[in-house]
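Engineer: Predicted model, plus sequence, below.
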Amino acid sequence: MTADNRNMPIVYSCSGCSSAAQMANRVAIRLDRERHAEMSCIAGVGGDVPSLVRIAKSGRKIIAIDGCPLHCVLRCLDRHNVKPDLHFTLTKIGIRKRYHTDFNEVEAAEVFRRIVGELQVDSTAAS
């Protein structure tokens, strides 16, 4: 986490074994690379790594992207009483959870656009 990113929201994503989980992770990486958010490590939060828990509890806006209703990202954050400002469950927005197959790139691009749109609405509402 660098000083120039402190005003950016933090994004956490699922990165499990299903296609929905891998899509969540890919979307979070793209949000980071295109500087819509700064990605941090949800496994470290769930694993109680002090420096990563501090980042989660820093008061920055948090985006959580779960692949499915198991809500692993939410559960990791909840261990530390952290609530995301925006939460997305990909299966709730029409993404199918599949095993042993890759996610659909076109669907991933649509999910990315949807989340960026929500971020823009959220930042406008906060102004």
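Structural biologist: Cool, got the structure.

Engineer: List the contacts of residue 18.
Structural biologist: 67-68, 97-99 (C-beta atoms under 8 Å, 6 or more residues apart in numbering). All C-beta spots, glycine's among them, are computed from the backbone N, C-alpha and C.

Engineer: ranking these by neighbours, who comes first?
Structural biologist: residue 67 (29 neighbours; other C-beta atoms under 10 Å).

Engineer: Relative to residue 54, how far out is it?
Structural biologist: Using C-beta to C-beta, to the nearest Å, residue 67 is found at 26 Å from residue 54.

Engineer: Now distance to residue 80 too, for the contacts of residue 18, in JSON lines please.
Structural biologist: Supplementary listing: the contacts of residue 18 in JSON lines, determined by distance: C-beta to C-beta, whole Å:
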{"residue": "67", "distance to residue 80": "21"}
{"residue": "68", "distance to residue 80": "22"}
{"residue": "97", "distance to residue 80": "26"}
{"residue": "98", "distance to residue 80": "31"}
{"residue": "99", "distance to residue 80": "30"}
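
Engineer: now, which of these sits nearest residue 121?
Structural biologist: residue 67 (22.7 Å; C-beta to C-beta).
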